[in-house]
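Show me the folded form of this:
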Amino acid sequence: MFEKVNPAHPDKVADRIAGALVDLAYEKETDPKIAVEVLIGHGICHIIAETSVHISREEAESIVTRIAGNLITDYREVAQDVHLSKNQEGKIRCGDNGIFKGVPVTPEQKALTQIAAFMYNTYPSDGKYILDQARLIICQSNADSTHIKEVYPTAQVNPLGDWSGGTDVDTGATNRKLGSDMADSVTGGGLHGKDLSKADVSVNIYAWLQAQETGIPVEVCCAIGDEEIDGVPYRDIVETAREYIKSIGGFEKFAEWGLVR
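Numbers count the residues shown, from 1 in each chain. Modelled structure (predicted):
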């Protein structure tokens, strides 16, 4: 059983805005420290950024407009906590406490991801999809339900009828769709809106990649300040995550589909 949302779902729009702000921070510095939370919906986008890199209101507004349209942007920027900042002085150390696991992606999860991608390419608007063995549920906004039934004749399509979706109908918040992003690898840490020093990003990616490579579930824990995790220097885990993010085109692209893509 698996649920997938597409990049136009309000929660994914929030993740994408957060990711774009992290991309911008990395354009300004090699190793910025940034954590972004986004709440969007009903004509307004609230953003709080704890960051070592200044991002202007105009830059934030430009990102929101490009991704979500002409919304009111409420942008608040504060400096990173001094204790967190000191943790990264001199060496690359783990940026948080946490338990992280990686689980191999199943054929069912891969199949639903392909369905979600097809639907989004056909109807690039808010959509959510569930696959539970033989039961396929497709909720796709701004779509021709008859056409969807022709493509997926056994699917349950838009149970309440056609709908418009998007941030005029629903709110979106960062890291609210981790089940869609990580499938069975979900733990407590959020993937989006954070720099690579954060374990929520780097260790989640590391554990997930290990599981896909070995075909065996991986589980690790860490404490803030650790210089080694799972027998691997934390700086190497950060570089593994950096290369992965680069390979898919940056943090905003990462936010579109998460790790299960």
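
can you list contacts of the lowest-mean-pLDDT helix or strand in the chain?
Taking mean pLDDT, DSSP states H and E as the measure, the helix or strand of the chain with the lowest value is helix 82-87, at a mean of 74. Residues outside helix 82-87 that contact it (Cβ atoms under 8 Å, 6 or more residues apart in numbering) are 33, 52, 93, 95, 224-225. Heads up, the C-betas are built off the backbone N, CA and C, glycines and all.

What of stretch 110-124?
By Cβ under 8 Å, 6+ apart, the residues outside stretch 110-124 that reach it are 2-8, 127, 129-131, 136, 138, 140-143, 148, 151-152, 257, 260-261.

swap the cut-off to 6 Å and go again
The contact list for stretch 110-124 (Cβ atoms under 6 Å, 6 or more residues apart in numbering) reads 2, 4, 6, 127, 129, 131, 140, 143, 260.

any idea how far the fourth one is from Ser180?
Okay, so that is Gly127. Computed as Cβ to Cβ, to the nearest Å, the Gly127 to Ser180 distance reads 11 Å.

same thing with the second one?
With distances taken as Cβ to Cβ, Lys4 is found 5 Å from Ser180.

picking that back up, among the contacts of helix 82-87, which two are most distant?
Pairwise distances across these peak at 18.1 Å for Ser52 and Gly225 (criterion: Cβ to Cβ).

Okay, strands next: where are they in the stretch 1-150 of the chain?
2-5, 34-41, 44-51, 72-78, 98-102, 127-132, 135-140 (DSSP state E, counting those that start in this stretch).

so what strands line up beside the fifth one?
Partners of strand 98-102 in the sheet, by DSSP bridges, are strand 218-222 (antiparallel).

same thing with the shortest one?
Applying DSSP bridges to the sheet, strand 2-5 is found paired with strand 127-132 (antiparallel).

and the strand it pairs with with strand 135-140, angle?
Put simply, strand 127-132 runs at 180 degrees to strand 135-140, going by axes from the mean of the first three to the mean of the last three Cα atoms, to 10 degrees.

So for strand 127-132, what gets flagged as buried?
127-131 (16 or more other Cβ atoms under 10 Å).

now swap in stretch 242-253 and tell me
242, 244-245, 250-253.

go on, stretch 106-124?
For stretch 106-124, burial by neighbour count (16+ other Cβ under 10 Å) applies to 109, 112-113, 115-116, 119-120, 123.

Between the residues you listed, which sits nearest Val220?
Nearest member of the buried residues of stretch 106-124 to Val220, counting by Cβ to Cβ, is Gln109, at 21.6 Å.

so that closest one touches Phe2, yeah?
Yes. If you go by Cβ atoms under 6 Å, Gln109 and Phe2 touch, sitting 4.7 Å apart.

ok so, going back, buried ones in the least confident helix or strand of the chain?
Buried positions in helix 82-87, judged by neighbour count with 16+ other Cβ under 10 Å: 84, 87.

coming back round to it: in CSV, list the buried residues of stretch 106-124 along with distance to Arg16 and pLDDT.
Shown next, in CSV, are those (distance: Cβ to Cβ, whole Å; pLDDT from 0 to 100):
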residue, distance to Arg16, pLDDT
Gln109, 21, 98
Leu112, 20, 98
Thr113, 17, 98
Ile115, 21, 98
Ala116, 15, 98
Met119, 18, 98
Tyr120, 13, 98
Tyr123, 18, 97
